[in-house]
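> Below: sequence and its predicted model.
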Amino acid sequence: MAEGADPERDPRWDAVRAAARHRVPTPPGLVERVLRAVARGRRTAVEVPGEAGGLRVAEGVVDRLARTIAADRAPFGVRISAVAVEGGVVQVLVSVRFGLIADAAAEALRREIAAGLSRHLGIAAVVNVHVVDVHPG
């Protein structure tokens, strides 16, 4: 497809339209878990061990840091839809531009967020990135 061309006129877009007519199941319980994490106000904390003792970081802080890293480091064509932390696991929902390899884009973002959280907090965070939509560009 030529640069600047309307992706919706690309004949490959017909495959996306056909796929859009079929419901793709969201992983069981994902939306509910994300919404519950948002609603409860992130009352739990993530334990960060240190040489001089442990540190408790509120999940809201981890969530905000993960959002910032995701926004700054998302590959071109990846839009962040939602970020939530539940039980110390960062869940990220994204939309990818038509034509991108969704799995590769999600994995690249997952690595960036995990590395950023490790740099800032000193812990190996579990990060899951879920592609939930495709956008034309």
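Arrived safely, thanks for sending.
> immediately after the helix or strand in which Ala66 is found, which helix or strand?
For Ala66, the element it lies in under DSSP states H and E is helix 59-73. Where DSSP H and E defines the elements, the next helix or strand beyond helix 59-73 is strand 78-86.
> Would it be right to say that Glu32 lies in a helix?
Yes. Counting by DSSP: H, G, I helix; E, B strand; the rest coil, one finds Glu32 located in a helix.
> How many residues are close by it?
Using other C-beta atoms under 10 Å, the number of residues around Glu32 comes to 10. For every residue, glycine as well, the C-beta is placed using N, CA and C.
> mind checking the longest helix of this protein?
Looking across the chain with DSSP state H, the single longest helix is helix 102-121.
> Which strands or helices does that one pack on?
helix 59-73, strand 78-86, strand 89-97, strand 126-135 (3 or more C-beta pairs under 8 Å, 6 or more residues apart in numbering; DSSP states H and E).
> Swap in 10 Å and give it another go.
Packing contacts for helix 102-121, counted by 3 or more C-beta pairs under 10 Å, 6 or more residues apart in numbering; DSSP states H and E, involve strand 45-48, strand 55-58, helix 59-73, strand 78-86, strand 89-97, strand 126-135.
> roughly how far is stretch 59-75 from the heart of the chain?
On the basis of C-alpha atoms, centre = their mean, to the nearest Å, stretch 59-75 sits 9 Å off its chain's mean C-alpha point.
> same question, stretch 64-79
Chain-centre distance of stretch 64-79: 8 Å, with C-alpha atoms, centre = their mean.
> Give the buried residues for it.
65-67, 69-70, 74-75, 77-78 (16 or more other C-beta atoms under 10 Å).
> quick one: which two of those residues are the most distant?
Pairwise distances across the buried residues of stretch 64-79 peak at 23.2 Å for Leu65 and Gly77 (criterion: C-beta to C-beta).
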